[in-house]
Each structure stands twice: as C-alpha cells, then as structure tokens.
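**Q** Here's my sequence, what's the structure:
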Amino acid sequence: MKKTLLFCIPALLLATSCSKLDELDNINPKAASTIPSTSLVSNAQRMLANTVATPDYNLNPFRLYVQYWAETTYPDESQYNIEIRTINRFFWDPLYRDVLSDLNEAKKLITADPLLSVTDPVAREKVRANQLASVEVLQVYAWMVLVDTFGDIPYSEALDIDKLNPKFDDDAAIYNDLSNRLNTAIGQFDAANNGLGSADLYYKGSTANWIKFANSLKLRLGITLADVDAAKAKTLVEAAAPNVFTASTDDAKLTYLSGIPNASQLWVSLVNSGRADFVGANTFVDRLNALNDPRISTYFKPVGGVTPTTYKGGTYGAPNSYEANSAPGTVLEDPTFPATLLSYTEVQFLLAEAVERGFAVGGTAASHYNTAVTNSIVADWKGTAASAATYLAQPNVAYATAGTSYKQKIGVQKWIALYNEPVESWKEWRRLDSPTLVKPAAAISDIPLRLTYPTTEANLNGANYNAAATAIGGDVVTSKIFWDKF
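**A** The predicted structure is shown next:
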C-alpha cells in the first residue's frame, strides 16, 4: 500500500505551509523493497524453534517446571514467580508476532508468487500447494503450543489487523479447528513435488518429510484429545499412524550454525552468557541415578573432583552451588546442537499409549515403549544398544513391571526422554500425571498447570481478557487446559 507523508513548514518560508513529499524521497536505498515469501517461513521456523527450546528463564521456564534443572543464585522461576520478568508475555509475544504473523504474511505472498523458477504450470501449482501446506502445519504447531500453555487464547480474530481487541476463543474449539486444518494440509501435499526449497530450515524442502511431520503432529494432537474425546482421538490417531516418523532422521528439528545470531539457544545461555545459572535438579538426577540411566553422563557433567564419578542434583526451588552439583552436559554446549520440535522417540511413546487405549496402530504397547527408550538412548543421546538393552531389562524400567498403569510407565520414561523438548514435556506431565512432582517449600503457588495471561492483555484488551479469565475458571496457574481431565 502506498503511503503519502505530509509535513508542515513555517509560512514565512513557504507561501503554502504543507507540502506533499514524493514517496521516493523517503525510501531507504539499503532496505529490501520486497520480501521473498519463503524467507518469512525461515524466520518463523527459527523463532519457533528458539522459543520452544531456549533455556532462557525470561521466556521459557519449562525445564524448571518439570524439574530437569535447578537454579543457582536466583531461584525465582523454580518458585513459579511468573511476573518477575513477565515470562508469560515473553513466551506469548514471539509466537504471535514472530511466528504466526510471519506465517500469515507468508501465505499471502506465496499465493501471489508467480514461482517463475518452476517452468511447468502444473508443477508450479503443486509446489505452491506444498509450500502453503507446510506453512499451515507450522501454524497448527504454534497454535497448539499457545493453547497448551494458556488455554483460551485469541485465535479467530488474532491475526486480523482490523481487530485491535481480538476475542479469546475456547481452547477445545480451537483444537477442533486445528485438527480440521491439519487434515486439509495433509491432503494438500504432493510428495512428487518440492516445497519450500532451501529456505526450509527443517527439511530443506523435502515434501516427504513434511508429510511425516504433519501426520506425527496429528498423532500428537489425537492422543492429547484422548481423555476428552476418545472417538475423535481414535479417528485421528488411526489415520495418522501409518504415515508418521519411522526414524530419528525424520525428526522435526532446527540444527543451528556455529555463531551468533544463529547458534543454539542452549549454547547462548550456558556458554556465551558467561553465566552459571543452572544445575541438574535433585528430582531428576536422583531418578536417573536410581534407574542407572545411561543418559545421565550426556545430560549432565559429573561433580568435579569427586571419585568415583558422581552425579548430584541441586535442591529444586532453592539457591545452589554450581561447583558442588552437576551442570548441564557438555553436548548441550555445542553451538550447533539442534532444537527439537517433534521426535521419533516421542512418536513411539504416543503409539504405545495408542495401543493401551485400544486404537488400531499396530504393534504392542511394550514394543513401542522399548523402541522409544532405545531410540532415545542410542539415536538421540549417542549411547549403545547394549546399554539400552541392559537398562530396559531392569524391573523398574521393563514395561511389564515398571509401574501400575500405562500412564505411570510411559509418563516416567517420556519425562526422561523429552529432556530436549521442555515445552512438550511439561504438557505431557500435566496430561499423564506422571511422574509425581512436588512443589518446593518456597513456591508461591502450586506447580503451574498453565501460564497466566500477559498483563498487556489485561491492560489493552480488558473486556475480552476478563471474559476469558471467567471462562477458564480464573486467570491463575491452577486453571486446567481442557484436555487436562485428571
């Protein structure tokens, strides 16, 4: 849209006080005049991965909420002080502003893009369809994260520039719409044609991988609904299962570069910051020790100067000594270490649960569980098949004897395996109610079941904020998301 800039000059200087400037006089010659549609997708992919994987306590406290880590000097986030650094706003804003808004604009540009690099007109439209379907899958993912974190959120009016005060939509209704959108996107893909090309930071334009990602996300969505709508969950899961990830090479992840600003957010916080803010939490480290878990040496560093090798967690929710406890592992300090959005390991746990719920997905619950645990140890964290087999042979890990319910068995091992997926780990802890976590003595609330809404919503969108708060049972951390039934 062309804009005209008016400015006023004193009448003593000009007979006419207001003059119209030609728009060319106001163009920055160094700024891009057009934006390639796929570059917006690249930025959205990067920001989405950063947001869900960063350990930055200013916006992503979820490694602390599931008690993977404890803090050293300032334990506020482990005590659930959300407002001290407006964590809720800093998680909310990037997803709306840098992910969903960019993807929304990308859709418009892709639709209008002549795609002249694709000479065949039929193939051109198939490439366009693949690009739009990929964008839709990313949007569904981001919307799910927002619902899983806050509950009712602005959705149907959220990206409308003419709606300055968007209404909050019901969380269950949003999920229902997202399942429909995901089904449509899956049907839109054509595996014989390319998609986003080199701009695709996850799959380098491989449509086959995007189809697997979309179906794996559909599997996650379906299982998430299982306690509130078993029939819908069954339909979604059984349709998705034949087309999900089949190996860790299918994982939806962003592999970072070795330098700023495109290095891993873990490296930024653990190394580049020069700070020593985190150690393993005793809750998690003690469990790993008790289970003789072979991943402990990758997840954490041993305590220095102690023989034999010792892994020790700091007191969760309290200040801790960095030197006297096990810091996050060396592998996490690699600037290229990837951010994972959805993994083959997670898919296998979801299939194990699907079998337990009576859904026709093939295999047994134990076989999927064993595959998930083995893949986590061997493929995700570079252990050995022998160590995985030894681990699974222990009575307190073996599927037949590890717990009294499938939610307990899967919940504990999924919690351990999703160490690099903290947002999803927090969601699954709430949904499966396993493992049992206890709030620290200094906590200002119970362990959060959701983040409260940003104060900007209360201040600038008050009427809709108040309606949403009432609808969810109060804008407090103990109000449950619709799928959290137990």
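**Q** neighbouring contacts of stretch 37-51?
**A** Residues outside stretch 37-51 that contact it (C-beta atoms under 8 Å, 6 or more residues apart in numbering): 59-60, 91, 94-95, 98-100, 102-103, 105-106, 109-110, 113, 131, 134-135, 138, 141-142, 196-197, 199-202, 253-254, 262, 265, 339, 341. C-beta coordinates here come from the backbone N, C-alpha and C atoms, glycine included.
**Q** mind listing what's buried in that stretch?
**A** The neighbour-count check on stretch 37-51 (16 or more other C-beta atoms under 10 Å) flags 37-38, 40-51 as buried.
**Q** for stretch 321-331, same thing?
**A** Within stretch 321-331, the residues that qualify as buried are 322, 325-329, counting by 16+ other C-beta under 10 Å.
**Q** of those, closest to residue 427?
**A** residue 328 (21.5 Å; C-beta to C-beta).
**Q** which stretches of the stretch 51-200 of the chain form helices?
**A** Ranges of helices within the stretch 51-200 of the chain are 62-65, 87-93, 101-112, 121-150, 171-188, based on DSSP state H, counting those that start in this stretch.
**Q** swap in the stretch 251-400 of the chain?
**A** Here the stretch 251-400 of the chain has its helices, by DSSP H, counting those that start in this stretch, at 265-267, 282-290, 296-299, 344-356, 365-375, 385-392.
**Q** of all the buried residues of stretch 37-51, which comes closest to residue 459?
**A** Nearest to residue 459 out of the buried residues of stretch 37-51 is residue 51 (C-beta to C-beta; 22.8 Å).
**Q** distance of that closest one from residue 331?
**A** Taking C-beta to C-beta, to the nearest Å as the criterion, residue 51 is separated from residue 331 by 21 Å.
**Q** Identify the residues contacting the spatially most central residue of the chain.
**A** The centroid of the chain falls nearest to residue 52 when counting by C-alpha atoms, centre = their mean (3.8 Å). Residues near residue 52 by C-beta under 8 Å, 6+ apart: 60, 145, 339, 341, 421-424.
**Q** 7 Å - rerun?
**A** Shown in contact with residue 52 (C-beta atoms under 7 Å, 6 or more residues apart in numbering): 145, 339, 341, 423.
**Q** repeat for residue 165
**A** Going by C-beta under 7 Å, 6+ apart, residue 165 touches 461, 464.
**Q** try residue 174
**A** 143, 147, 155.
**Q** Switch these over to JSON lines; also include distance to residue 127 and neighbour count.
**A** Shown next, in JSON lines, are those (distance: C-beta to C-beta, whole Å; neighbours: other C-beta atoms under 10 Å):
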{"residue": "143", "distance to residue 127": "25", "neighbour count": "21"}
{"residue": "147", "distance to residue 127": "31", "neighbour count": "25"}
{"residue": "155", "distance to residue 127": "29", "neighbour count": "21"}
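**Q** which residue ranges form the strands in this protein?
**A** Assigned by DSSP state E, the strands in the chain fall at 6-8, 18-20, 69-71, 153-154, 168-169, 252-254, 278-280, 339-342.
**Q** still on that earlier bit, out of the contacts of residue 52, who's the most crowded?
**A** For the contacts of residue 52, the largest number of neighbours (other C-beta atoms under 10 Å) sits with residue 341, at 25 neighbours.
**Q** Pull the contacting residues for it.
**A** Applying C-beta under 7 Å, 6+ apart, we find residue 341 in contact with 49, 52, 141, 252-253.
**Q** which two from the residues you listed end up farthest apart in space?
**A** Spatial extent of those (C-beta to C-beta) is set by the pair 141 and 253 at 12.6 Å.
**Q** if we can go back for a sec, with the buried residues of stretch 321-331 in mind, which one is nearest to residue 270?
**A** Out of those, the member with the shortest distance to residue 270 (by C-beta to C-beta) is residue 328, at 5.9 Å.
**Q** Show me what that closest one is bridged to.
**A** With beta bridges defined as DSSP bridges, residue 328 has these partners: residue 300.
**Q** close enough to count as contact, it and residue 298?
**A** No. Contact criterion C-beta atoms under 7 Å: residue 328 and residue 298 do not qualify, at 10.2 Å.
**Q** From residue 385, how far out is residue 194?
**A** From residue 194 to residue 385 the distance is 36 Å (C-beta to C-beta).
**Q** Between those two, which is the more surrounded one?
**A** For residue 194 and residue 385, the more surrounded residue by other C-beta under 10 Å is residue 194, and the numbers stand at 17 against 10.
**Q** Got phi/psi on the nearest residue in space to the more buried one that is not next to it in sequence?
**A** Nearest in space to residue 194, with sequence neighbours left out and distances taken as C-beta to C-beta, 6 or more residues apart in numbering, is residue 205 at 5.1 Å. Main-chain dihedrals, residue 205, degrees, to the nearest 10: phi 90, psi 0.
**Q** Can you read off the pLDDT for residue 205?
**A** Residue 205 carries a pLDDT value of 95.
**Q** Let me see the contact set for it.
**A** Residue 205 sits next to 194-198 when contact means C-beta under 7 Å, 6+ apart.
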